[in-house]
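*Asks:* sequence-free structure coming up:
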């Protein structure tokens, strides 16, 4: 595997040397840009399971951030206020006949992390009031946000030059070398950006926060009961995905040296979403492969196939074939790809998880089955750690829970002494599950109090209740089915892990 990765890296590094066609190199640079976008959306959709239909908005925020701060669109009058910034080459003083003005000259290399931070901040501002929504409602809200950003860009000509777009965006410089419009340096920058974000995605996927994202994707209620803060965790996914898009926007607009609102519309969000679905939701390598394939399909294969169809139409004297333009049908083609993947390979080109075959009867009986439980030494150790003395560990006093006009619990009190075991017994519908839910924070109480180890926990969300030391299981076992056994165990330790 490492040898294949090294060979792939070497081949990509040597690609411009073997293919001197500037258009081909530019297509590969574009493919790198969309690969980074797909990696960002994969965090939101693939890891955290949040359907985002307006992801291109953060792409636009990063692009306009760099475009405004390097083009000649915004030029305030010069004053001594700008002198410190001129000393660090963030602005320069120029004269346009009517007086001295400021020209912003933000470095491309500084703009990459700054745009990522700005986009992440915008992601937090947008996500804070909306990420409590789920499913279709969240998708609709993100769709609206994705439409708002291009409209704002189109209607603020003083900043963005409106529909005409920003022109004269500054090209990157590196050690005195100006990238200008050559494709090769942008290709290598894009390749480096993909490598960095690919490494970040893999590390995030295998980290504590990555497991929390995937737990929320699988079962948000069970994740909360395991100590995962759903709102904060989803907000972090949204911010990191937005940061990836913001940095990519800087790269993309620097390469094109222009930015228009039409570059960041809904079709771009759909194209990136198709890349994630085609590659495999949650699959880091899969979304990169899908991004490269779809971008090359759009820039290489479809134009070539269009030329072949035109040649065939001329040969057979078919006017229809000579008018076909497959590149203009790219959105239709993306839709067909999305439908086919949902029908025949939902897990994507490179699945994020590979199912292992079930154990056979013989495999399950290789060794003799023994009774489970704790050995005597461990049991003595655990029992020895129990608090000594009297007092109550859990106190539930006068709990009442109402669902509209239905009273599920009415003035219920339960006391669990330290080191004690208390059973709650009753027929179906008597409120046993509701009692467990209200104690562990899944259901709010209408009245009463709950104290655990002397601290009031009534009204706390499930992850806060677990952090206090009170955990629960479910009547119907709620495993995270698409995660490994080890990941399920690690999620159960979420509140006790530092990283």
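*Replies:* Great, that's in hand. Values in this document were obtained by computation on a predicted structure and should not be read as measured data.

*Asks:* Checking the residue lying closest to residue 140 once chain neighbours are set aside next. Helix, strand or coil?
*Replies:* Counting by Cβ to Cβ, 6 or more residues apart in numbering, residue 140 lies nearest to residue 53, which is 7.9 Å off, once chain neighbours are set aside. Just so you know, the C-beta spots here come from the backbone N, C-alpha and C atoms, and that holds for glycine as well. Per DSSP: H, G, I helix; E, B strand; the rest coil, the secondary structure class of residue 53 is coil.

*Asks:* from memory residue 53 sits against residue 142, does it?
*Replies:* Yes. With contact defined as Cβ atoms under 8 Å, residue 53 reaches residue 142; the gap is 5.0 Å.

*Asks:* how about the strands in the stretch 251-400 of the chain?
*Replies:* 258-259, 392-403 (DSSP state E, counting those that start in this stretch).

*Asks:* what's the most buried one of the ones you listed?
*Replies:* Most buried of the strands of the stretch 251-400 of the chain by mean neighbour count (mean count of other Cβ atoms under 10 Å) is strand 258-259; its value is a mean of 22.

*Asks:* Tell me the buried residues in stretch 98-116?
*Replies:* 101, 102, 103, 104, 106, 107, 108, 111, 112, 114, 115, 116 (16 or more other Cβ atoms under 10 Å).

*Asks:* Need the nearest residue in space to the first one, chain neighbours excluded.
*Replies:* Right, the one you point to is residue 101. residue 75 is the one closest to residue 101 (Cβ to Cβ, 6+ apart), at 4.3 Å.

*Asks:* That neighbour should be in a helix, yeah?
*Replies:* No. Per three-state DSSP, residue 75 lies outside any helix segment and is coil.

*Asks:* which residues touch it?
*Replies:* 94, 96, 101, 102, 103 (Cβ atoms under 8 Å, 6 or more residues apart in numbering).

*Asks:* first to last residue in stretch 147-161, what's the distance?
*Replies:* For stretch 147-161, the first and last residues are 18 Å from each other (Cα to Cα, to the nearest Å).

*Asks:* buried set for that stretch?
*Replies:* For stretch 147-161, by 16+ other Cβ under 10 Å, it's 147, 149, 150, 153, 154, 160, 161.

*Asks:* Looking at those residues, which is nearest residue 495?
*Replies:* residue 149 (36.8 Å; Cβ to Cβ).

*Asks:* for the chain, which helix is longest?
*Replies:* Of all segments of type helix in the chain, defined using DSSP state H, the longest is helix 230-256.

*Asks:* Flag every buried residue along that one.
*Replies:* 230, 233-256.

*Asks:* Any chance of the strands of the stretch 251-400 of the chain in JSON lines with mean pLDDT and distance to residue 277 as columns?
*Replies:* What follows is the strands of the stretch 251-400 of the chain, written out as JSON lines (pLDDT from 0 to 100; distance: least, Cβ to Cβ, whole Å):
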{"stretch": "strand 258-259", "mean pLDDT": "90", "distance to residue 277": "27"}
{"stretch": "strand 392-403", "mean pLDDT": "90", "distance to residue 277": "38"}
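
*Asks:* can the ones you listed go into a markdown table with extra columns for distance to residue 279?
*Replies:* Below are those laid out as a markdown table (distance: least, Cβ to Cβ, whole Å):
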| stretch | distance to residue 279 |
| --- | --- |
| strand 258-259 | 27 |
| strand 392-403 | 43 |
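
*Asks:* Among the ones you listed, which comes closest to residue 81?
*Replies:* Nearest to residue 81, of the strands of the stretch 251-400 of the chain and by Cβ to Cβ, is strand 258-259 at 27.0 Å.

*Asks:* contact partners of the closest one?
*Replies:* So strand 258-259 is contacted by 60, 63, 64, 67, 160, 165, 166, 167, 169, 253 (Cβ under 8 Å, 6+ apart).

*Asks:* Specify the angle between whichever helix or strand the third one is part of and helix 230-256 in degrees.
*Replies:* In this assignment (DSSP states H and E), residue 64 forms part of helix 56-68. When axes from the mean of the first three to the mean of the last three Cα atoms, to 10 degrees is applied, the directions of helix 56-68 and helix 230-256 differ by 50 degrees.

*Asks:* for helix 56-68, packing partners?
*Replies:* helix 108-130, helix 135-154, helix 157-160, strand 166-167, helix 230-256, strand 258-259, helix 266-279 (3 or more Cβ pairs under 8 Å, 6 or more residues apart in numbering; DSSP states H and E).

*Asks:* May I see the ones you listed organised as JSON lines, with distance to residue 13 added?
*Replies:* Putting these into JSON lines (distance: least, Cβ to Cβ, whole Å) gives the following:
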{"stretch": "helix 108-130", "distance to residue 13": "20"}
{"stretch": "helix 135-154", "distance to residue 13": "35"}
{"stretch": "helix 157-160", "distance to residue 13": "36"}
{"stretch": "strand 166-167", "distance to residue 13": "32"}
{"stretch": "helix 230-256", "distance to residue 13": "18"}
{"stretch": "strand 258-259", "distance to residue 13": "29"}
{"stretch": "helix 266-279", "distance to residue 13": "23"}
